[in-house]
Structures are given as structure tokens and as C-alpha cells.
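1. Sharing a model that was predicted from the sequence below.
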Amino acid sequence: MSTMFCQKCDQRAAIRMRQHRLMFCRDHYLEWFVEQTQRTIERYHMFTLADRLLLAVSGGKDSLALWDVLWRLGYSVDGMYINLGIDGEEHYSNESEQYCRTFAEERGLSLQVVNVKQSFGQTVPELARLRHRSRSKPCSACGMAKRHIMNQAARDGGYDVLLTAHNLDDEVAVLFANTLSWNVDGLNRQSPVLEARDGFVRKAKPFCRFYERETAAYTLLRGIEYIEEECPFATGSKQIIYKEILNKLEEEHPGIKLHYYVSFLKARQQQVFQPGAAEKVSELELRPCPSCGQPTTNQGLCAFCTLVSKAQATK
Ligand code: Q46
Ligand code: ZN
Ligand code: ZN
């Protein structure tokens with residue numbers, strides 16, 4: 001194969017992005033990536049330099065890459081790591097925490113850590129077993145706990161926006177799942193930005209237009225160290241299967257994932273996915289949880305506090 005060169009200088013290309021018809025050397029790629037992040041932030045009016053941002057970091061490549069980019073762009077962004085108490089082969093949660101701590105220390109950034117076992121008495125897999133004894137994967141309880149803890153931290157800390165590092169591959173996998181079941185409420189809620197409402201903090205996903213391959217290349221070329229091990233519960237998930245299918249499509253049709261996502265956002269903007277009657281009713285019925293004060297549709301405690309009180313009762 002002939003040598004490929006950067007489109008901006010005479011260096012060898014470090015990355016070729018068929019979907020954008022672009023090739024860059026290391027330095028020009030890093031520059032492009034930071035510029036594109038800023039463009040996405042502006043395109044969707046996500047936040048400004050005046051906002052206080054809280055970023056959910058997992059120790060993985062996407063969240064650490066996002067923290068690095070926002071820090072370089074001069075945003076005021078703190079990190080938040082939730083230690084879920086997941087073991088895996090290498091004590092997955094503790095190792096991930098260490099990557100986040102090292103990253104923050106090296107750059108003088110502020111990181112908050114919540115250890116679920118220490119704060120709520122049980123690890124996430126233990127809490128999940130209390131909820132659904134029969135299920136082998138703790139993912140639904142895990143997702144609920146993460147959303148709850150993040151929102152609480154953002155509210156308590158007076159942050160303007162809560163950020164996550166979901167990339168395009170994550171977004172199209174969710175979109176695919178929502179389209180397969182015509183989950184109109186899910187489609188309506190899927191957005192690069194979700195405005196604050198009824199006790200939920202404003203949320204944004206500045207990496208939503210980057211392919212996973214692009215965030216991986218940024219982390220690698222920037223020399224950011226991150227946890228390579230995946231959560232042991234991630235294997236065999238539907239999301240991974242959807243990602244594989246979408247990757248096959250992308251191989252044949254470079255750019256199709258971005259097209260799928262962008263066309264969806266356009267349709268959403270045209271209000272093709274109006275919230276269903278069920279969601280309208282539940283919106284009206286949101287009330288603060290008597291224990292934590294976060295919004296819930298439950299009559300008494302919210303789902304997370306219910307689980308934690310169960311855990312305390314079993315001790
Ligand atoms: S939900 Fe499930 Fe993830 Fe929680 S238990 Fe692991 S795979 S970390 S995004
Ligand atoms: Zn170059
Ligand atoms: Zn609660």
C-alpha cells in the first residue's frame with residue numbers, strides 16, 4: 001500500500017477517516033479533534049466557559065479523552081468517579097478509580113469519588129441482586145444508581161451541566177434499539193443536550209458526533225493512560241451486538257452511522273417523535289423523594305432510595 005500523507009502538512013498520516021475523507025498526522029489530528037469538540041459544543045449550545053461542568057469519568061478512554069479536551073479548551077470541569085464495587089479479573093472498579101485519580105493529579109484537576117459500598121452499604125452487584133434475584137447482569141440497577149448519584153452530585157455541587165462521554169457508536173446503538181422497538185419516548189429523550197427540568201440537572205454529550213475509533217485514536221496519540229479492561233458485565237450485551245451490526249454497515253458505507261444519527265436529530269427537531277401520553281402523565285406526577293429530594297414518579301421513596309433501604313434492612 002502506498003504511504004499516506006497528512007492533508008495539512010508533509011508528515012505521514014497517523015489516521016485515515018474514510019467517513020470524513022480526511023487523513024492527518026498526529027499533531028494535526030489532535031488539533032482537529034479538539035476543534036471538532038468545540039464545534040459540537042457550539043452547534044448544540046451545550047455550555048459556555050462561564051458554566052461549571054461536572055463530568056462522569058469511568059477511567060475508560062472516552063471520558064478521560066473528554067476531560068483532557070475540555071481542560072485544554074479552558075472549560076471549568078470537575079470529574080466524578082463512581083466506584084461501583086465491580087471486581088472482574090483485575091478489581092475493575094478500583095483499578096478504574098486509580099486511572100482517574102492519576103489523570104486528575106497529573107493535570108491538577110478536581111475529582112470527586114463516590115464509593116457505593118462505603119456510602120450505601122453494598123456494592124452495585126449486591127444491590128442489583130436485592131432488586132432482581134433472577135437476573136445475572138446488574139446493568140439496570142447499575143444504570144439507575146449511576147444516574148441517581150450523578151444527578152445528586154451535580155445538584156449538591158451547584159453545577160450547571162452534567163456531562164457524559166457517550167460517543168457516536170454509543171448513540172447509534174441506543175438509537176438502533178429505540179428504533180427496533182419504536183420506543184417513541186426513548187427517541188424523544190435521546191439528544192446531545194437535555195434541558196434541566198423538575199430537579200434533573202441539564203445534561204450534555206460533547207462527543208456524540210465522534211466515532212469510537214476517533215476517540216480511541218485521540219487517547220492513544222495524546223498518550224493518555226486508561227483502563228483497557230471492559231466491565232465484566234458488558235460482554236454479550238445487546239448493545240455490543242448492535243454495535244457489531246452497525247460496524248458492518250459502516251464498513252460497506254463509510255459515514256452511515258453519522259448519517260443515521262444526524263438524520264435522526266433532524267427528524268427529532270421537526271417533532272416527529274412527540275412525547276407519548278404515558279410520558280406526559282408521568283411528567284405531571286414527578287414529586288421529590290422524601291429521603292434524597294430527587295424527582296421521582298414513585299409515591300414514596302425513589303427507586304434508588306428504595307433499593308438502599310432494602311439493603312440496610314437485610315444487614
Ligand atoms: S451498566 Fe453493566 Fe455498564 Fe454497570 S454493570 Fe458494567 S456493563 S458498568 S456501562
Ligand atoms: Zn500534519
Ligand atoms: Zn431518593
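-> Now that the structure is in, tell me what you want to look at. Bear in mind that the values here come from a model prediction, so they are computed numbers and not experimental data. Ligands and ions are numbered 1, 2, ... in the order given.
2. Tell me the residues on the stretch 201-315 of the chain that lie near ligand 1, please.
-> Neighbours of ligand 1 within the stretch 201-315 of the chain, by CB under 6 Å from any ligand atom: 231, 233-234. From N, CA and C alone the C-beta is placed, and that goes for glycine too.
3. dump the residue contacts of residue 38.
-> By CB atoms under 8 Å, 6 or more residues apart in numbering, the contact set of residue 38 is residue 73.
4. roughly how far apart are it and residue 14?
-> From residue 38 across to residue 14, the span is 21 Å (CB to CB, to the nearest Å).
5. The residue in the stretch 101-250 of the chain positioned nearest to ligand 3 - how many residues pack around it?
-> Nearest residue of the stretch 101-250 of the chain to ligand 3 (CB to the ion) works out as residue 148 at 7.2 Å. Residue 148 has 21 neighbours, counted by other CB atoms under 10 Å.
6. what's across from residue 15 in the sheet?
-> residue 24 (DSSP bridges).
7. give me the low-pLDDT residue ranges for the protein?
-> 1, 88-90, 134-135, 275-284, 315 (pLDDT under 70).
8. and it, which residues reach ligand 2?
-> Contacts of the chain with ligand 2, taken as CB under 5 Å from the ion, map to 6, 8-9, 11, 25, 28.
9. List of residues touching stretch 66-79?
-> For stretch 66-79, contacts defined as CB under 8 Å, 6+ apart pick out 33-34, 37-38, 47, 49, 51-55, 57, 63, 100, 103-104, 107, 109-112, 157, 159, 163, 165, 206-207, 215, 218, 222, 224.
10. returning to what we had before: which one of the residues of the stretch 201-315 of the chain next to ligand 1 is nearest to residue 43?
-> Closest approach between these and residue 43, by CB to CB: residue 234, at 29.9 Å.
11. sorry, back to before: now go through the residues of the stretch 201-315 of the chain next to ligand 1 and say which are in strands.
-> Taking DSSP state E, every one of those sits outside strands.
12. okay, these in CSV with neighbour count next?
-> Below are these laid out as CSV (neighbours: other CB atoms under 10 Å):
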residue, neighbour count
231, 19
233, 19
234, 13
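13. can you put those residues in TSV and add distance to residue 77?
-> Formatted as TSV, those follow (distance: CB to CB, whole Å):
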residue	distance to residue 77
231	24
233	28
234	26
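14. Residue 221 and residue 28 touch, don't they?
-> No. The pair residue 221 and residue 28 fails to qualify as a contact (CB atoms under 8 Å) at a distance of 10.4 Å.
15. Give me the neighbour count for residue 100.
-> Neighbours of residue 100 (other CB under 10 Å): 25.
16. tell me which element it falls in.
-> Secondary structure assignment for residue 100, by DSSP states H and E: helix 92-107.
17. which helices and strands sit right next to the next helix or strand after that helix?
-> Next in sequence after helix 92-107, counting helices and strands by DSSP H and E, comes strand 111-115. With contacts taken as 3 or more CB pairs under 8 Å, 6 or more residues apart in numbering; DSSP states H and E, strand 111-115 sits against strand 76-83, helix 92-107, helix 139-156.
18. Mean neighbour count, those: which tops it?
-> Mean neighbour count (mean count of other CB atoms under 10 Å) peaks for strand 76-83 among those, with a mean of 22.
19. before we move on, back to that, what angle separates the helix holding residue 100 from strand 76-83?
-> With axes from the mean of the first three to the mean of the last three CA atoms, to 10 degrees as the basis, helix 92-107 and strand 76-83 are set at 160 degrees to each other.
20. quick check: angle from helix 92-107 to strand 111-115?
-> Using the same axes, to 10 degrees, helix 92-107 lies at 160 degrees relative to strand 111-115.
21. Would you mind pulling the contact partners of helix 92-107?
-> 57-60, 64, 67-68, 71, 79, 81, 83-87, 109-111, 113, 224-227, 229, 231-232.
22. Put the buried members of those residues into a ChimeraX selection.
-> Here is the ChimeraX command that selects the buried residues among the contacts of helix 92-107 (16 or more other CB atoms under 10 Å):
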select :57,58,59,60,64,67,68,71,79,81,83,84,85,86,109,111,224,226,227,231
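23. what number of residues lie near the residue nearest to residue 130 when sequence neighbours are not counted?
-> Once flanking residues are discounted, residue 130 sits nearest to residue 310: 5.0 Å by CB to CB, 6 or more residues apart in numbering. Other residues near residue 310 come to 14 when the count uses other CB under 10 Å.
24. Hmm, residue 128 and residue 310 touching each other?
-> No. Using CB under 8 Å, residue 310 makes no contact with residue 128, being 11.3 Å away.
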